[in-house]
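Engineer: starting from these lines, generate the structure:
(one chain, ligands or ions: 1)
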Amino acid sequence: MITWLNTPFEDVIQATRNLYGDFDCEIEWDNKLKEKEGVYGLTTFLPDEKVIITLDAKTEVETQVETLGHELAHVIVGHEVEHGAEWEEVFDNIFKEYNRYCERKYSDKNQKKVTYKGCRGALEFIADIAYGYDNSKSVKALEKLIDEIRIEALRALESGEGYRI
Ligand SMILES: [Zn+2]
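Structural biologist: Residues are numbered from 1 along each chain as shown. Got it, this is the predicted structure:
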């Protein structure tokens with residue numbers, strides 16, 4: 001089996017999916033894009049609602065990955081929104097999520113083991129694999145869930161019902 005050890009293009013797509021769910025979009029390379037259009041990337045919204053992202057193939061990979069994030073932000077905000085606060089926020093989110101996702105994905109390969117302890121640990125583990133514990137929204141949701149479980153557990157213990165998780 002031949003395997004890529006790092007997949008930056010897939011990772012930036014996954015980061016976008018993590019934040020905004022899945023959507024339809026086609027991505028292509030063009031080795032003359034920069035030469036013809038003077039840009040590293042381009043998002044084309046076609047009348048049939050098809051969306052195509054074009055990346056300049058001669059540009060270094062690192063820049064291409066960032067450009068892909070840039071173009072994916074255009075796909076998310078839609079063709080009527082130009083570069084501005086709304087687009088910027090989406091791009092920032094994708095960029096942050098990409099870094100978070102990659103840090104986790106690639107450091108996990110060198111496995112230093114994380115230990116989860118007790119009920120809280122079990123929930124942290126679920127949150128970790130489901131989305132990523134350092135995501136502020138999922139932490140809030142998780143803390144709320146933990147509180148609910150704690151209250152329910154105490155109630156069950158006090159009333160002698162016992163409690164299992
Ligand atoms: Zn742009």
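Engineer: quick one, strands of this protein?
Structural biologist: For the chain, applying DSSP state E gives strands covering 26-30, 41-45, 51-56.
Engineer: can you add mean neighbour count, distance to Val75 and mean pLDDT and give the ones you listed back as CSV?
Structural biologist: Quick note: C-beta positions are derived from backbone N, CA and C, even for glycine. CSV is the format used below for those (neighbours: other Cβ atoms under 10 Å; distance: least, Cβ to Cβ, whole Å; pLDDT from 0 to 100):
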stretch, mean neighbour count, distance to Val75, mean pLDDT
strand 26-30, 14, 10, 98
strand 41-45, 17, 6, 97
strand 51-56, 20, 5, 98
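Engineer: can you redo these as a markdown table with distance to Glu66?
Structural biologist: Converted to a markdown table, the strands of the chain look like this (distance: least, Cβ to Cβ, whole Å):
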| stretch | distance to Glu66 |
| --- | --- |
| strand 26-30 | 14 |
| strand 41-45 | 9 |
| strand 51-56 | 10 |
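Engineer: OK, contacts around Asn93?
Structural biologist: Leu19 (Cβ atoms under 8 Å, 6 or more residues apart in numbering).
Engineer: and Tyr101, by the same measure?
Structural biologist: 11, 14-15, 18, 132.
Engineer: just give me the closest of these to Gly69.
Structural biologist: Ala15 (7.6 Å; Cβ to Cβ).
Engineer: number of residues surrounding that closest one?
Structural biologist: Number of residues near Ala15 (other Cβ atoms under 10 Å) recorded here: 22.
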